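Colleague: predicted coordinates and the sequence they were generated for:
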Amino acid sequence: MELYNYIEGITKDPNNRIMLALGNGTVVSGFIDSELTFGASAQYGAMSESSALDSLSSGVQQLGELFGQAVTLKFPWMTKKSWTGSSVNDISFSIYKLATDVGEDLLSQTKAIWTSTLPSTNGQGLTGTYKPPNGYNAGGYLDGRKSDEAGKSNKPIGAITLKIGKWFESYGYIITSANMIVSKEKIDAGKTLPLYIKLDITLSRSMDATGADFTSWFTAMK
């Protein structure tokens with residue numbers, strides 16, 4: 001019951017409430033108990049040498065070999081780095097769900113997490129083919145057009161919206177990892193319904209975001 005009392009305590013703070021609006025329209029909600037880490041990373045690489053410089057370097061090297069010495073030609077500008085890409089870091093958190101009524105089925109409330117993580121199949125047994133979780137689709141055209149004549153969006157379809165309290169909301173996540181701890185304590189006569197559940201979730205972005213996108217997810221970040 002000690003953990004029960006702990007979970008009950010964190011449910012009293014509305015800023016701890018978290019909701020996942022999944023691709024099939026289902027919402028899974030609960031409460032978090034710790035600070036969340038949001039971040040991004042950028043990649044930079046050395047500037048490539050020009051073909052003219054390659055030829056010059058090769059010529060100097062050959063000349064050095066004639067005198068039995070290894071020669072490396074390098075200019076200061078060659079140490080400059082150019083941007084190659086950026087990405088939003090994954091986010092991991094734990095969701096606690098607490099039964100408040102006798103007979104409340106917490107396990108069924110988590111069903112959508114598993115259908116948003118694991119594939120479905122359009123056949124039976126070994127004859128079927130796998131389909132992405134919840135019909136996820138990376139989207140339509142990749143050339144920047146918003147839609148085609150059939151109205152297909154170029155944004156990922158079936159991605160997840162993450163909302164935390166009133167201070168964070170963002171669309172475009174996919175579940176890359178999900179784990180569940182189920183309490184041994186049961187609340188029903190049949191001893192099948194757990195008193196509480198802990199879900200450990202890791203989300204990744206379904207596509208890269210801009211700096212403006214990132215800051216817009218936080219209500220107070222103007």
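Modeller: Sure thing, it's come through. Numbering: from 1, shown residues only.
Colleague: when you work out contacts or count neighbours from here on, use the C-alpha atoms and nothing else.
Modeller: OK.
Colleague: ranges for the helices of this structure?
Modeller: 2-10, 51-66, 106-109, 111-115, 211-216 (DSSP state H).
Colleague: run a quick neighbour tally on Gly25.
Modeller: 12 (other CA atoms under 10 Å).
Colleague: on the pLDDT front, check it for me.
Modeller: Looking at Gly25, its pLDDT reads 84.
Colleague: for Thr84, see how far away it is.
Modeller: 36 Å (CA to CA, to the nearest Å).
Colleague: where does this protein have its least confident helix or strand?
Modeller: Lowest on mean pLDDT, DSSP states H and E among the helices and strands of the chain sits helix 51-66, with a mean of 58.
Colleague: and the longest strand along the chain, C-alpha only, in PDB?
Modeller: Counting residues, the longest strand in the chain under DSSP state E turns out to be strand 168-182. Written as PDB, here are the backbone C-alpha positions of strand 168-182 (Å, rounded to 0.1, in the frame of the first residue of the first chain):
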ATOM      1  CA  PHE A 168       3.000  21.100 -23.000                       C
ATOM      2  CA  GLU A 169       1.400  19.800 -26.200                       C
ATOM      3  CA  SER A 170       2.900  18.300 -29.400                       C
ATOM      4  CA  TYR A 171       1.800  16.100 -32.300                       C
ATOM      5  CA  GLY A 172       4.100  13.800 -34.200                       C
ATOM      6  CA  TYR A 173       5.400  11.200 -31.800                       C
ATOM      7  CA  ILE A 174       5.700   7.400 -32.200                       C
ATOM      8  CA  ILE A 175       6.200   4.800 -29.500                       C
ATOM      9  CA  THR A 176       9.600   3.100 -29.800                       C
ATOM     10  CA  SER A 177       9.500   1.300 -26.400                       C
ATOM     11  CA  ALA A 178       6.800   0.400 -23.900                       C
ATOM     12  CA  ASN A 179       7.000  -1.700 -20.700                       C
ATOM     13  CA  MET A 180       4.400  -2.300 -18.000                       C
ATOM     14  CA  ILE A 181       4.500  -3.100 -14.300                       C
ATOM     15  CA  VAL A 182       1.300  -4.600 -12.900                       C
END
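Colleague: quick check: buried residues in that strand?
Modeller: Buried residues in strand 168-182, counted by 16 or more other CA atoms under 10 Å: Phe168, Glu169, Ser170, Tyr171, Gly172, Tyr173, Ile174, Ile175, Ala178, Val182.
Colleague: try stretch 23-43
Modeller: Neighbour-count burial for stretch 23-43 [16+ other CA under 10 Å]: Gly23, Asn24, Val27, Val28, Ser29, Gly30, Phe31, Ile32, Asp33.
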